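*Asks:* generate a structure from the sequence data that follows.
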Amino acid sequence: MRVHFLGIGGSGASAAAALAQAQGFEVAGCDLEPNNEFTSTFNNDQLLKGHSASHIKEDTYLLIITPAILSLDPNNPELITAKEKNIPIMTWQQFLGKHLTKDKFIIAVCGTHGKTTTTAMIAQMLEDARLDPTAILGAIVPKWKTNYRVGMGKYFVVEADEFNDNFLHLKPNITVVTNIEMDHPEYFKDFEAVKKSFDKFKKQSKKIIDKPNSKLINFPLKVPGDFNISNASLAYQIGLLLDINPQIIKQSLQNYSGVGRRFEYIEMYKSAKVYSDFGHHPTEIKVTLQAAREKFPKERILVIYQPHMFSRTKAFFEDFVKVFKEAPVDKIFIMDIYPSREVDTSLVTSQQLIKATNKSTVLYIGNASETLEKLKPEIQSGDVLLFMSAGDTDKLARELVNP
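*Replies:* You can find the predicted model right below:
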């Protein structure tokens, strides 16, 4: 059956497309820029640049979209053509729930923070226990070189996202909840709405693990931060629940070295260490900067942060100010806000954030195209550079070390 992915360049849609292909679907897809780190497993003739009605063939069985298309590009020619031809349209999350996870034992990991890491820890543990799992998550796993794994075993480990109520398309055998906090103010009107969404998801799950049921693990990990001890403790509990040998669980978690953009070491720039992190919520920034200081107690730490979305920056404005004021780092350079799926309506600016923080070490550095040139003169020998955001900073970190 031929399926067409509209927005195949996204991390989630591309992984769903790859899993669909592994399950026997004939896959094609398009995006404004379809060739990236997430789509490297597809042939060039499967990846179409831009959007056109001609991408929807007569034998297309399904059009699979990213949820953002419906609000950002409702007049998309492929969307309109599919409707005219009565071709069913579903989001990739719906497709995942209805087709890809069919007849599998689903382990879903949800939560405001830590879900990518916990998903990767569980998937690696099942792999190390030779249970050959299938998995899908929001970051590249270095060992797989992708953000998914095709397995022949019965287990399917899924990073389940609450935005847009996307996770409600899954009916898990086990659900892991890392934590619940207000996020996605562009979708949820308040924290009550977030909690209601999670409660609904829990009701669809056969078993819930939402906190370590005994003491936290007491063995060292390669990844820094107390939050990773909590993530690993939840993964440990899943391992015990699935009757995996405790020694295998422990060894797997101790060997876990992280995923892409989660305090990921990139390379050296001259004699400074460069790291990239996906953190864009005040809580994530706070705990990551604390972990950075624990890992590098004496080094000079420079943070390059790009606020993510106007609605989030506005909703958590005071929280961001508090985090930047108390951050245990030497300098924070703040870029212009990354719009993501929003349009700038002058709701809030980075300059307002910096002014409210009122700290000489929190500075404005401009837009993505000027950031590196302004940053380079600031870098000293032995510095630790931490690029943080869900926007452009990962690309900038890699550009810095490999111009």
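*Asks:* pull the number of nearby residues for Glu159.
*Replies:* For Glu159, the count of nearby residues is 26 (other C-beta atoms under 10 Å). Glycine gets a C-beta too; all of them are placed from N, C-alpha and C.
*Asks:* residue contacts, it?
*Replies:* Glu159 makes contact with Ala108, Val109, Cys110, Lys115, Thr116, Thr119, Ile136, Leu137, Gly138, according to C-beta atoms under 8 Å, 6 or more residues apart in numbering.
*Asks:* who wins for neighbours among those?
*Replies:* Val109 leads the contacts of Glu159 on contacts (other C-beta under 10 Å) with 32 neighbours.
*Asks:* I'd assumed that one was in a helix, is it?
*Replies:* No: assigned with DSSP: H, G, I helix; E, B strand; the rest coil, Val109 falls outside any helix and is strand.
*Asks:* which one of the contacts of Glu159 is nearest His99?
*Replies:* Set against His99, the nearest of these by C-beta to C-beta is Ile136 (12.8 Å).
*Asks:* let me know whether that closest one touches Ala17 as I believe.
*Replies:* No: counting by C-beta atoms under 8 Å, Ala17 is not a contact partner of Ile136; they are 10.8 Å apart.
*Asks:* distance of the residue positioned nearest the centre of the chain relative to Ser11?
*Replies:* With distances taken as C-alpha atoms, centre = their mean, Gly138 lies nearest the centre of the chain, 4.0 Å away. Going from Gly138 to Ser11 by C-beta to C-beta, to the nearest Å gives 5 Å.
*Asks:* which neighbours do these two share?
*Replies:* Listed as contacting both Gly138 and Ser11 by C-beta under 8 Å, 6+ apart are Asn147.
*Asks:* what stretches of the chain score poorly on pLDDT?
*Replies:* Low-confidence segments of the chain, defined by pLDDT under 70: 213-214.
*Asks:* can you pull out the helices in it?
*Replies:* Listed in chain order, the helices of the chain (DSSP state H) span 11-22, 68-72, 77-84, 92-95, 115-128, 191-203, 226-241, 246-255, 282-295, 310-315, 317-326, 350-357, 368-375, 393-401.
*Asks:* hmm, who's touching the shortest one?
*Replies:* Taking C-beta under 8 Å, 6+ apart as the criterion, the residues outside helix 92-95 that touch it are 3, 5, 12-13, 16-17, 20, 62, 64-67, 161, 164, 166-167, 169.
*Asks:* in ChimeraX, how would I select just the buried ones from the residues you listed?
*Replies:* Selection of buried members from the contacts of helix 92-95 for ChimeraX, criterion 16 or more other C-beta atoms under 10 Å:
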select :3,5,12,13,16,17,20,62,64,65,66,67,161,164,166,167,169
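*Asks:* pretty sure Val323 sits against Val287.
*Replies:* No: Val323 lies out of contact with Val287 (C-beta under 8 Å); the separation is 9.8 Å.
*Asks:* the two: which has the busier surroundings?
*Replies:* Counted by other C-beta under 10 Å, Val323 and Val287 do not tie: Val323 has more neighbours, with 21 against 18.
*Asks:* how near is that one to Asn173?
*Replies:* In terms of C-beta to C-beta, Val323 sits 37 Å off from Asn173.
*Asks:* what's the answer for Met268, then?
*Replies:* 44 Å.
*Asks:* tell me which of these two has more neighbours.
*Replies:* Legend: neighbour count by other C-beta under 10 Å for Met268 and Asn173, higher for Asn173 (15 against 11).
*Asks:* residues in contact with that one?
*Replies:* Contacts of Asn173 by C-beta under 8 Å, 6+ apart are Phe105, Ile106, Ile107, Ser205, Lys206, Lys207.
*Asks:* you'd agree the fifth one is up against Leu170?
*Replies:* No: Lys206 is not in contact with Leu170 according to C-beta under 8 Å; the separation is 11.6 Å.
*Asks:* more neighbours: which of these two?
*Replies:* Leu170 (22 against 11).
*Asks:* quick one: that one and Lys102 touch, right?
*Replies:* No: in this structure Leu170 lies outside contact range of Lys102 using C-beta under 8 Å: 11.4 Å.
*Asks:* that older thread, nearest to Ser381, of the contacts of Asn173?
*Replies:* Ile107 (45.5 Å).
*Asks:* now do the contacts for the closest residue to Met152 other than its chain neighbours.
*Replies:* Leaving aside its sequence neighbours, Met152 sits nearest to Asp132 (C-beta to C-beta, 6 or more residues apart in numbering; 5.1 Å). Contact partners of Asp132, counting by C-beta under 8 Å, 6+ apart, are Leu126, Gly151, Met152, Gly153.
*Asks:* what's the spacing between the second one and Ala135?
*Replies:* Which is Gly151. 7 Å.
*Asks:* tell me who's in contact with Pro77.
*Replies:* Taking C-beta under 8 Å, 6+ apart as the test, what Pro77 contacts is His51, Ser52, Ala53.
*Asks:* which of the residues you listed fall in strands?
*Replies:* Within the contacts of Pro77, no residue falls in strands by DSSP state E.
*Asks:* any idea which of those residues is closest to Glu318?
*Replies:* Nearest to Glu318 among the contacts of Pro77 is His51, at 39.9 Å by C-beta to C-beta.
*Asks:* what's the distance between the closest one and Asn44?
*Replies:* Taking C-beta to C-beta, one finds His51 at 18 Å from Asn44.
*Asks:* more neighbours, those two?
*Replies:* Between His51 and Asn44, counted using other C-beta under 10 Å, His51 has the larger neighbour count: 18 against 9.
*Asks:* hmm, that one is touching Asn75, no?
*Replies:* No: using C-beta under 8 Å, His51 is not in contact with Asn75, being 10.2 Å away.
*Asks:* could you work out the end-to-end span of stretch 68-86 for me?
*Replies:* Stretch 68-86 has an end-to-end distance of 21 Å (C-alpha to C-alpha, to the nearest Å).
*Asks:* and Ile217, what is it in contact with?
*Replies:* Counting by C-beta under 8 Å, 6+ apart, Ile217 has contacts Ile229, Ala232, Ser233, Tyr236, Lys250, Leu253.
*Asks:* oh, that last question was meant for Phe317, not what I typed.
*Replies:* Val348, Gln352, Leu353, Ala356.
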